[in-house]
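In: My questions concern the predicted model and sequence given below.
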Amino acid sequence: MSTRAWWRFPALLTRTCTVPRGLGLWETLALLSPGVAPTAVQMAGKKGCPALCPLDENDLEEQFVKGHGPGGQATNKTSNCVVLKHMPSGIVVKCHQTRSVDQNRKLARKILQEKVDVFYNGEKSPVYKEKREAQKKKQERKKRTKETLEKKKLLKELRESSENVTEKRTADSD
């Protein structure tokens, strides 16, 4: 192969995979197979939270359907809405948040991964815990707001009653 041929096929197109030493042949193949290896979306997460269950691409059924909602012809005639179904659990996710099919695919996989994690892990799931904490914070904020409004109402009533008393005293003294 000439040097010119090397420039025709850049190194970015080649895929290099490193496998830890000491693994057997089947373990090596399992690590290198594209359906089993976790993708970047699956590995993304917050610091301190354990990674979510990886999704196997072989277990997913993906469809592209026509969009819906506001946006007119741009959304209603293009098939950029992604419907993703996890075959083992039967969970279906429909994502049409952007006009890009690629972004919708990534978002659908992320949403499906969270739902599958909650389905299998239940209350132990980090996603479930985060949602639960958010609900508790929201309830606390509502409670504080309600208490503040009650205090303001009480102050207003006290102010009005004190004004009424002072008006009666001034009327009686006349």
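Out: Arrived safely. Numbers count the residues shown, from 1 in each chain.
In: Regarding the protein, what is its longest helix?
Out: For the chain, the helix that runs over the most residues, judged by DSSP state H, is helix 126-173.
In: Now that helix: average pLDDT?
Out: For helix 126-173, the mean per-residue pLDDT is 89.
In: now for it, which elements pack on it?
Out: Contacts defined by 3 or more CB pairs under 8 Å, 6 or more residues apart in numbering; DSSP states H and E place helix 126-173 against helix 101-121. C-beta coordinates here come from the backbone N, C-alpha and C atoms, glycine included.
In: Can you dump the C-alpha atoms of the helix it packs on in CSV for me?
Out: The C-alpha trace of helix 101-121 is given here as CSV (Å, rounded to 0.1, in the frame of the first residue of the first chain):
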residue,chain,number,x,y,z
VAL,A,101,-33.6,12.4,14.4
ASP,A,102,-30.2,11.8,15.9
GLN,A,103,-30.8,13.9,19.0
ASN,A,104,-34.3,12.3,19.4
ARG,A,105,-32.7,8.9,19.3
LYS,A,106,-30.1,9.8,22.0
LEU,A,107,-32.8,11.4,24.2
ALA,A,108,-35.1,8.4,23.7
ARG,A,109,-32.4,6.0,24.7
LYS,A,110,-31.6,8.1,27.8
ILE,A,111,-35.2,8.2,28.9
LEU,A,112,-35.7,4.5,28.2
GLN,A,113,-32.6,3.7,30.2
GLU,A,114,-33.9,5.6,33.2
LYS,A,115,-37.3,3.9,32.9
VAL,A,116,-35.8,0.4,32.6
ASP,A,117,-33.6,1.1,35.6
VAL,A,118,-36.7,2.1,37.7
PHE,A,119,-38.6,-0.9,36.3
TYR,A,120,-35.9,-3.4,37.4
ASN,A,121,-34.4,-1.7,40.5
